[in-house]
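In: I need the structure of the sequence given here:
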Amino acid sequence: METQNRLWDEIKGYGALVFAILFFSGLFSSAQDWTQIFDFQAIVGAYGPDVSMGGGTGVKEGFLQAVSIAPVMIFSVAFIGCVEYLGGLRAAQKLLTPLLRPLMGVPGVCGLAMILNWQSSDASAAIARQLYEQGRISAWERERLVAYEFITAATIGVFFSNGAILLPYFVCKSGVVLIVIMAMKFLSGNLLRLYQRLFDREGDHMCPAPQGEEAAQAAQAVQSAGPVKKRGLVNVFMDKAAQGFDLWFRKLVPAVLFGYVVVRVLEVTGLMNVIGMLCRPVMELFGLPGEAAVPLISGYLTLMAGCTSAAALAQEGILTARQVTVLFPMMYCVASHLLYVGRVLGASGVDSRKYPVYLVGGILCAITSGVIMNIIL
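Out: Numbering: from 1, shown residues only. So this is what the prediction gives:
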């Protein structure tokens, strides 16, 4: 077995070397069919007035698209940080708390986790777990809270950062799209609530509240997830702007390049047409072309990849501005779910046997948001 693994590793290594030689050699520089994937320049693409009405192709177009997003992302992250510093999110918490019980069947103590989820998936999942372990919410209430957190986690921060690349395409106010997305979070919580009522009648229980030192440690952990110590508004803005730049440079730029490479490869190989043909019957139900399945699938892995794929399709004229607007909340509802299985579901401590319920809930929310957007637009 070990010999076979070594042999396979050698085969992969030689295969990668052969591909690299072909890729950089220029032997396929004049290719016009699917063999363009072996040409470095075809994947890198071009940008400028001589390219096409779309402005560019490949990695070059992706990079310049990412550069145009930088100011939006940096300022958005800095501005939201200032709102949090001034207590805006805490004020929203006070307004939201009285609505939680009738809207989703959770107590007001969940308000902090729900508001924090607008900015952080990890911290809000940790608070959901702490609330349960402190005996302040029941198992059912934790599951509903986590269902809310699982859909469109880090809602506002991601909307104005990862989603910034698609904001110029919206044919309605971005606030309208954000409201639809936020509504899907509550829908997700209530879908889990319905599942509990129908299939998990005996699953609700309270975790015993910790005592003594354990209780003090739990309270300290919850408190540590709150706002940072005040340092002055200017310092907060500058710190958050630096975080925004870091997010742009280290996360968005590589993701944009990857997204454009994927779309470029699908185009030159003809796989884009195959995907469009296979998915057309389903996507047409939402007024979308079959190719719109590509951003949905890549968005399931990471929202940034989905957004950049959608932007590339829009640049190619495959998606209209209206279709991008419909597609965005659908992508958002299933965004990064493979990643969030660990970061949200695992961190919150919910029963792993119910993970498929959360994943199916995301798909149902995506379908619902597509129907709503078509009605609105």
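In: next structured bit after the helix or strand bottoming out on mean pLDDT in the chain?
Out: Lowest on mean pLDDT, DSSP states H and E among the helices and strands of the chain sits helix 212-224, with a mean of 49. As assigned by DSSP states H and E, the chain's next helix or strand after helix 212-224 is helix 233-247.
In: what helices or strands is that following helix leaning on?
Out: Using 3 or more CB pairs under 8 Å, 6 or more residues apart in numbering; DSSP states H and E, the elements in contact with helix 233-247 are helix 58-85. All C-beta atoms are positioned from the backbone trio N, CA, C, and that covers glycine.
In: Got the confidence number for the closest residue to residue 170 other than its chain neighbours?
Out: Among residues not flanking residue 170 along the chain, residue 325 sits closest, at 4.9 Å (CB to CB, 6 or more residues apart in numbering). Looking at residue 325, its pLDDT stands at 96.
In: mind listing what's buried in the helix or strand in which residue 325 is found?
Out: Element membership for residue 325 (DSSP H and E) is helix 321-333. Residues 322, 323, 324, 325, 326, 327, 328, 329, 330, 331, 332, 333 are the ones in helix 321-333 that count as buried (16 or more other CB atoms under 10 Å).
In: Specify which member of the residues you listed is nearest to residue 7.
Out: Closest approach to residue 7 among those (CB to CB): residue 331, at 41.0 Å.
In: and the closest one, what is it in contact with?
Out: 295, 296, 299, 303, 306, 307, 310, 366 (CB atoms under 8 Å, 6 or more residues apart in numbering).
In: Now do the helices in the stretch 101-250 of the chain.
Out: For the stretch 101-250 of the chain, the helices defined by DSSP state H, counting those that start in this stretch cover 111-116, 121-133, 139-150, 155-159, 174-199, 212-224, 233-247.
In: Report the angle between the helix holding residue 325 and helix 174-199.
Out: 40 degrees (axes from the mean of the first three to the mean of the last three CA atoms, to 10 degrees).
In: List the buried residues of the helix or strand that helix 321-333 is followed by.
Out: Next along the chain after helix 321-333, taking DSSP H and E as the criterion, comes helix 337-340. Neighbour-count burial for helix 337-340, counted by 16+ other CB under 10 Å, picks out 337, 340.
In: Correct me if wrong: residue 288 contacts residue 323.
Out: Yes: judged on CB atoms under 8 Å, residue 288 makes contact with residue 323 at a distance of 5.4 Å.
In: just to revisit the earlier point, looking at the contacts of residue 331, which one is closest to residue 159?
Out: Lowest distance from residue 159 to those (CB to CB) belongs to residue 303, with 9.6 Å.
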